[in-house]
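[1] Starting from these lines, generate the structure:
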Amino acid sequence: MSKDSSVFGRLIFKVFLTLLAVLPFSAPAQTTPTDSVSIWSFDRIRQDLNGDQISDHKGKNVVVTGIANINSGILHEKFLQAFIQNDSSGMSIFARDIETPFQAGDSLVVKGYIDQYNGLTEVQVNSYTVYPGTSGLPEPKPLTSVADDPSDYLGMMAEGTGHVIEKGSTFNGKYLIISLEESIKSMMVYVSNFHVHYQDFDFELISPGDVIHVKGIITEYNPEFPEQRSYKLFLRTPADLEFERIPRFYWYLILAGLSILVLGIAGWVFGLRRRVDTKTRDIQKSLQEKDMLLREIHHRVKNSLAIVSGLIELQLGSTDSEEAINVLQDSQNRIHSVGLIHEKLYQTESLSDIDLGNYIKDLVEAIHGTFTEFKDDVILSFDLDTIEAEPDMVIPCGLLVNEIVVNAYKHAFNKGKQGRLNVTLKQQNGQILLQISDNGPGLPSDFQMEKDGSLGTMLVSSFADQLNAEMKIDSGEGTGTTFTFTIPKR
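    Down below sits the predicted model:
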């Protein structure tokens, strides 16, 4: 509808109302009063001078005009139950039939008589005329103002925000009690079970404490009993109720979901932990079995080498060749050197690392014990750091020490003359320093390691190469011999 036609419609409506005001008409046959009818104000219809809670004009024919603030056919499934209002007041209208449907914002001229239903003063409709879109929908009144004296706003639209403090149901509908923001007052929000959208008002989603925004029509219930008088805000459609914040119901769902998620994760972690613990126990058991097996292997290797050493000992007793005896003793010392490594291995916790210093000390003392003729003549001196080393380093290092120490006993010491053997093992700047020195006569002045063809010299060079060691020999007549090896630490 254009703006010009809208203005023209309002003008026609005002002219029509003026004519109604000056032209009398006869009352319908079903009404008892027969006096002429003019346009009545809502306040005059509710007039109660004697204070008996009943309109002084009950039963009289009236004509009322106003703007519909609710669509027809909403508050009741069959009957016409609606409200019309102007700027200052409102009125309930009721009829058994809906003659012409109307929308909120339409202007109505209603003919009928004054009646009361359950204490509520209203106009029983005989007939009405609809003027569509002639007026805009009235502006809702603030609930904070309405709450001070709801009787001044009966039949009018109102809206506001409040906290839900109670919800419940009655025999003919369901309700909420809200505490209005910025006010100490409260208001009942109500939906009748005759409402066509009754099932769409999902009050189950609402919990006490929720903050909601509502819009509806102010009415009253049981006003004939002052002590029971209550005022309500009739909701028109589900859109009249909105959440200002996330409903607590959703928070409960979220918390329940998080609780289930946490419990699920906790159960999963617990189950995973049990599986990990079970697997860990299996692995530990397997490692223990392998540990026992490895210890047994080292022990058996050591015993086997001891058997070989024993066989060599038997061979020593059955030969008269000095050269053969020397060769067999050297082999026996080398076997003992390797056997001692396996003995150290099965005595350690890790089965993979050996205290190199402790091993060299035991090895040198064992060699010292085999040369019984020098037992009291040679003094052993040790300066050893604790250095953990793997077998593939300890074996060539032990055999290296074995060759040098045995050679010292054979060539550096004499029976009846005080001898001294010093063994030093130090860890310096990421390297291992191994030094073996004696106070013997020293090496010949023309001695050259690379030209000496003895087995012992060959073995020392070979073991030094395996260790990637830098070898240095210091020797002079009467000053003894010192072998120094600088070994990269692995």
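[2] what residue is smack in the middle of the chain?
    The residue lying closest to the centre of the chain (C-alpha atoms, centre = their mean) is Val262, at 7.8 Å.
[3] next SSE after the host helix or strand of that residue?
    Using DSSP states H and E, Val262 maps to helix 248-317. Past helix 248-317, further along toward the C-terminus, the next helix or strand under DSSP H and E is helix 322-347.
[4] what's the average pLDDT for that next one?
    Confidence over helix 322-347 (mean pLDDT, whole number) is 73.
[5] Over to stretch 200-217?
    On average, stretch 200-217 scores 91.
[6] Ok, stretch 259-279 next?
    When pLDDT is averaged over stretch 259-279, the result is 91.
[7] What lies in contact with it?
    Contact with stretch 259-279 is made by no outside residue, as judged by C-beta atoms under 8 Å, 6 or more residues apart in numbering. All C-beta atoms are positioned from the backbone trio N, CA, C, and that covers glycine.
[8] 10 Å instead?
    In this structure, residues lying in contact with stretch 259-279 by C-beta atoms under 10 Å, 6 or more residues apart in numbering are Thr280.
[9] Next, give phi and psi for the residue nearest to Arg248 when sequence neighbours are not counted.
    Closest residue in space to Arg248, ignoring its immediate chain neighbours: Ser207 at 4.2 Å, by C-beta to C-beta, 6 or more residues apart in numbering. Here is the backbone geometry of Ser207 (degrees, to the nearest 10): phi -130, psi 150.
[10] in the stretch 101-250 of the chain, which spans are helices?
    143-146, 248-317 (DSSP state H, counting those that start in this stretch).
[11] okay, the angle between the longest one and helix 322-347?
    The reference is to helix 248-317. 160 degrees (axes from the mean of the first three to the mean of the last three C-alpha atoms, to 10 degrees).
[12] elements contacting the host helix or strand of Leu434?
    Using DSSP H and E, Leu434 falls within strand 431-438. Applying 3 or more C-beta pairs under 10 Å, 6 or more residues apart in numbering; DSSP states H and E, one finds that strand 431-438 contacts helix 356-370, strand 378-384, helix 391-411, strand 419-428, strand 470-476, strand 480-488.
[13] out of the ones you listed, nearest to Asp43?
    The minimum distance between Asp43 and the helices and strands packed on strand 431-438 falls on strand 419-428, with 108.9 Å, by C-beta to C-beta.
[14] as a whole number, average confidence for the closest one?
    Per-residue scores along strand 419-428 average to 91.
[15] Show me what counts as buried in it.
    Gly419, Arg420, Leu421, Asn422, Val423, Thr424, Leu425 (16 or more other C-beta atoms under 10 Å).
[16] wait, the third one sits on Val406?
    No - taking contact to mean C-beta atoms under 10 Å, the distance of 11.2 Å between Leu421 and Val406 leaves them out of contact.
[17] Overlap in contacts, the two.
    Any residue near both Leu421 and Val406 by C-beta under 10 Å, 6+ apart counts here, and that gives Ile367.
[18] what's the next secondary structure element after the lowest-mean-pLDDT helix or strand in the chain?
    None of the helices or strands of the chain scores lower by mean pLDDT, DSSP states H and E than helix 3-22, at a mean of 44. With elements assigned by DSSP H and E, the helix or strand that comes after helix 3-22 is helix 42-45.
[19] Give me the residues contacting that following helix.
    So helix 42-45 is contacted by 55-58, 60, 62, 64, 66, 84-86, 88-92, 114, 121-123, 152, 154-156 (C-beta under 10 Å, 6+ apart).
[20] Tell me who's in contact with Val191.
    Val191 sits next to 75, 169, 173-176, 197-198, 200-201, 203, 216, 232, 234-236, 238, 240-241 when contact means C-beta under 10 Å, 6+ apart.
[21] Quickly list the domain ranges of this structure.
    As assigned by automatic domain parsing, the chain contains the domains 3-131, 141-245, 248-350, 353-490.
[22] number of nearby residues for the closest residue to Tyr409 other than its chain neighbours?
    Counting by C-beta to C-beta, 6+ apart, Tyr409 lies nearest to Phe371, which is 4.7 Å off, once chain neighbours are set aside. Per other C-beta atoms under 10 Å, the neighbour tally for Phe371 reads 19.
[23] wait, Phe371 sits on Val364?
    No - in terms of C-beta under 10 Å, Phe371 does not count as a neighbour of Val364; the distance is 11.2 Å.
[24] Asp56 and Gln116 touch, don't they?
    No - between Asp56 and Gln116 there is no contact under C-beta under 10 Å: 11.7 Å.
[25] The longest strand seen in the chain packs against which elements?
    Assignment by DSSP state E gives strand 157-170 as the longest strand of the chain. Judged by 3+ C-beta pairs under 10 Å, 6+ apart, the packing partners of strand 157-170 are strand 141-142, helix 143-146, strand 173-180, strand 186-192, strand 211-221, strand 230-235.
[26] Show me which residues of it are buried.
    For strand 157-170, the neighbour count (16+ other C-beta under 10 Å) marks Met157, Ala158, Glu159, Gly160, Thr161, Gly162, His163, Val164, Lys167 as buried.
[27] May I have it as CSV, with CA atoms only?
    This file holds the C-alpha atoms of strand 157-170, laid out as CSV (Å, rounded to 0.1, in the frame of the first residue of the first chain):
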residue,chain,number,x,y,z
MET,A,157,1.6,-4.5,24.8
ALA,A,158,4.7,-4.5,27.0
GLU,A,159,8.2,-5.9,26.8
GLY,A,160,11.2,-6.2,29.0
THR,A,161,14.1,-8.4,30.2
GLY,A,162,14.4,-10.4,33.4
HIS,A,163,15.8,-13.4,35.2
VAL,A,164,13.7,-16.5,35.4
ILE,A,165,13.1,-17.2,39.1
GLU,A,166,10.3,-19.8,38.7
LYS,A,167,8.5,-21.9,36.1
GLY,A,168,5.5,-24.2,36.4
SER,A,169,2.1,-25.1,35.0
THR,A,170,-1.6,-24.8,35.9
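[28] For it, which strands pair with it and how are they oriented?
    Strand pairing for strand 157-170, using DSSP bridges, gives strand 141-142 (parallel), strand 173-180 (antiparallel), strand 211-221 (antiparallel).
[29] possible to save these as JSON lines with mean neighbour count and distance to Leu356?
    What follows is those, written out as JSON lines (neighbours: other C-beta atoms under 10 Å; distance: least, C-beta to C-beta, whole Å):
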{"stretch": "strand 141-142", "mean neighbour count": "16", "distance to Leu356": "93"}
{"stretch": "strand 173-180", "mean neighbour count": "19", "distance to Leu356": "84"}
{"stretch": "strand 211-221", "mean neighbour count": "20", "distance to Leu356": "78"}
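[30] For the ones you listed, give me CSV that also has distance to Phe42.
    CSV is the format used below for these (distance: least, C-beta to C-beta, whole Å):
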stretch, distance to Phe42
strand 141-142, 15
strand 173-180, 25
strand 211-221, 13
